[in-house]
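Asker: from the sequence below, what's the structure:
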Amino acid sequence: MDWNRAVERNSEALRTIVAALFAMLATAGGPLSVTGSARVQPMERGLRPDASAAFTLPRRLYAAIMLILRPAESAVRRLILIAAKGLLLKPRAPRPLPAGFAGFAKPNSSQTPSFSLFDPIKHFPLEASDNNALPHFVFYHGDDALFRAQDHLPPDEPIDATQLFTRLRAIRAALSDVPRQARRLARWQARRDLLLKARRRTRVSVFRPGLPPGWRQRPIHEIDDVLKECHGLALHAVNGPDSG
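Answerer: Numbers count the residues shown, from 1 in each chain. Presented below is the predicted three-dimensional model:
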C-alpha cells in the first residue's frame, strides 16, 4: 500500500473542499459579519479576528458550512493517523513555567488554533426522573438530519459563528502541514502507551467507536466520498496485515 500517495491524494481533495468553505463565507457579503469594534484582516492573511468580536453568519449559511465541515474534520483526523503510520517519537518532557508566570495566558486570537486530533466522545445522559437510571441513548443521523429538524427557524437569523471560524482556521492549518500533525499524533501515542503500561486510565484511540462524526450513508457532497476513503484507509492502517 502506497500510504504517502494516499495521504497526498486525499490531502489535495480536502484542501480544495476547505478552500470552498472559506469561499462560502464571502457569499455573506464579506468573510464574516462582525459586531463590535474589531477589525478583520484580509482572507489571504488568515482572517484573524479580535477575540472580543462577535462573528455571525445567516443560519442557512452556517448550516451549509457545518454540513461539510464536520465530516471534513473526521477525514483529516484519519488522514493524520495514516500519515503517522510507522512514526515513532518520544513524548515531549513537560517544561516548568518560569517563576511568576501565569498558568493560563490570555488567549491570543492571532495565533493559529490547534486542530483537534480526537473525535468528540458520544455522551449518553441519564434520565434524571428514574432512580434506577439507565443510559438514555439518542441516535443522530448526521448534521443534515439535525438541520432539517430546524427548518422552521428563520433561515436568515444571525448565528454566532466564532467557534465555526476557529474550526475552519484549525483545519486549514492542519492540512497545510500534515507531517507536523502526524508528529503531534505520534507523541500522543507515545504518552498513551506509557500511561497504559503504568496501568493508568487514558483514552486509547483518537477515534470514537462506530462510524465517524459526520458520516452519511447516502453521499450528498464530495466530502462524503473522501471521508469514506480516509476511514477505510485508516482502519487498514491500524488493523491491516502490514500495520505493524
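Asker: helix or strand right after the helix or strand of the chain with the lowest mean pLDDT?
Answerer: Every helix and strand of the chain was ranked by mean pLDDT, DSSP states H and E. The lowest is strand 33-35, at a mean of 40. Sequence order places strand 54-58 as the next helix or strand after strand 33-35, per DSSP states H and E.
Asker: and that next one, what does it pack against?
Answerer: strand 33-35, strand 158-160, helix 162-176 (3 or more Cβ pairs under 8 Å, 6 or more residues apart in numbering; DSSP states H and E). Where you see a C-beta, it was placed from the backbone N, CA and C, and this is true even at glycine.
Asker: for Gln217, which of the ones you listed is the nearest?
Answerer: helix 162-176 (23.4 Å; Cβ to Cβ).
Asker: just the buried residues of that closest one, please?
Answerer: 164-175 (16 or more other Cβ atoms under 10 Å).
Asker: rebuild those residues as a markdown table, extending it with distance to His221.
Answerer: A markdown table is the format used below for the buried residues of helix 162-176 (distance: Cβ to Cβ, whole Å):
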| residue | distance to His221 |
| --- | --- |
| Leu164 | 17 |
| Phe165 | 20 |
| Thr166 | 22 |
| Arg167 | 17 |
| Leu168 | 16 |
| Arg169 | 21 |
| Ala170 | 20 |
| Ile171 | 15 |
| Arg172 | 18 |
| Ala173 | 22 |
| Ala174 | 20 |
| Leu175 | 17 |
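Asker: just name the closest of those residues to Phe55, please.
Answerer: Phe165 (5.8 Å).
Asker: need the pLDDT of the closest one.
Answerer: Listed pLDDT for Phe165 reads 90.
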